[in-house]
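K.L.:
Generate a structure from the sequence data that follows.
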Amino acid sequence: MADVYVIRHGETEWSITGQHTGRTDVPLTARGEQQARKAGAVLAELRGTTVPPRLVLASPRTRAKRTAELAGLNVDEVTQDLAEWDYGDYEGLTTEQIREKEPDWTVWTHEIPNGETAKEVGDRADAVLARAREELHRGDVVLIGHGHFSRVLVVRWLGLDPAAGVRIGLDPAGISVLGDERGQAQIRRLNVPPLGEMR
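P.N.:
Numbering: from 1, shown residues only. Down below sits the predicted model:
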């Protein structure tokens, strides 16, 4: 039975500091590169086969494409649909900085000036998942992207509102596995860490 594997890119300087990183092309740190390599080994173990995935899609950001490369994946297509949430005017800011002007702000519940809404992000996630479902009867699909967007992917797989993504966490280079049981969508694995990253 084929599955969808969702991989968050490895660590960046901005993921360490908690800065919202949408359009900015921040590279992986040395640790992020190591995480990506280790995620590749975990992916191979989770898949239980050396047969390449049927389809590998990646975000256009360097941090995602580099994660795919270091994990040993050949990207079939780079798609803007897998890009991180567009944080608009909040790009590069931490939640604490945003809350100085907008108390109680979260990406899940509040507007983002000149950025995307949760519904717009959910619509992109639906497009990615529709593409994945088209290929699943032929084999596994791997999606390499970002933190917030990948959380939306996971909850949209279950048919939940994009804002439900607040209820799950995805660490750098974490892998989630989406599948189904008798036609019911399910999360088979969530946020499986790279080797040596257990907390």
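K.L.:
Helices along this protein, start to end?
P.N.:
Taking DSSP state H to define them, one finds helices in the chain at 13-17, 30-47, 62-70, 95-99, 118-135, 147-157.
K.L.:
For Trp108, which of those helices is the nearest?
P.N.:
Among the helices of the chain, helix 118-135 comes nearest to Trp108, with 6.3 Å by CB to CB. Heads up, the C-betas are built off the backbone N, CA and C, glycines and all.
K.L.:
hang on, the earlier thing: pick the most deeply packed of the helices of the chain.
P.N.:
Mean neighbour count (mean count of other CB atoms under 10 Å) peaks for helix 147-157 among the helices of the chain, with a mean of 25.
K.L.:
quick check: mean pLDDT across that helix?
P.N.:
If you average the pLDDT over helix 147-157, you get 98.
K.L.:
For Arg54, find the nearest of the helices of the chain.
P.N.:
Arg54 lies closest to helix 118-135 among these, at 5.0 Å (CB to CB).
K.L.:
and the closest one, what other elements does it pack with?
P.N.:
Using 3 or more CB pairs under 8 Å, 6 or more residues apart in numbering; DSSP states H and E as the contact test, the elements touching helix 118-135 are strand 55-58, strand 141-145, helix 147-157.
K.L.:
The second one versus helix 118-135: what angle between them?
P.N.:
On the basis of axes from the mean of the first three to the mean of the last three CA atoms, to 10 degrees, strand 141-145 is oriented at 150 degrees to helix 118-135.
K.L.:
now do the last one
P.N.:
Between the axis of helix 147-157 and that of helix 118-135 there is an angle of 60 degrees, by the same axes, to 10 degrees.
K.L.:
Run through the neighbouring helices and strands of helix 147-157.
P.N.:
strand 4-8, helix 118-135, strand 141-145, strand 175-181, strand 184-192.
K.L.:
can those go into CSV with extra columns for distance to Trp105?
P.N.:
Shown next, in CSV, are the helices and strands packed on helix 147-157 (distance: least, CB to CB, whole Å):
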stretch, distance to Trp105
strand 4-8, 22
helix 118-135, 13
strand 141-145, 23
strand 175-181, 26
strand 184-192, 24
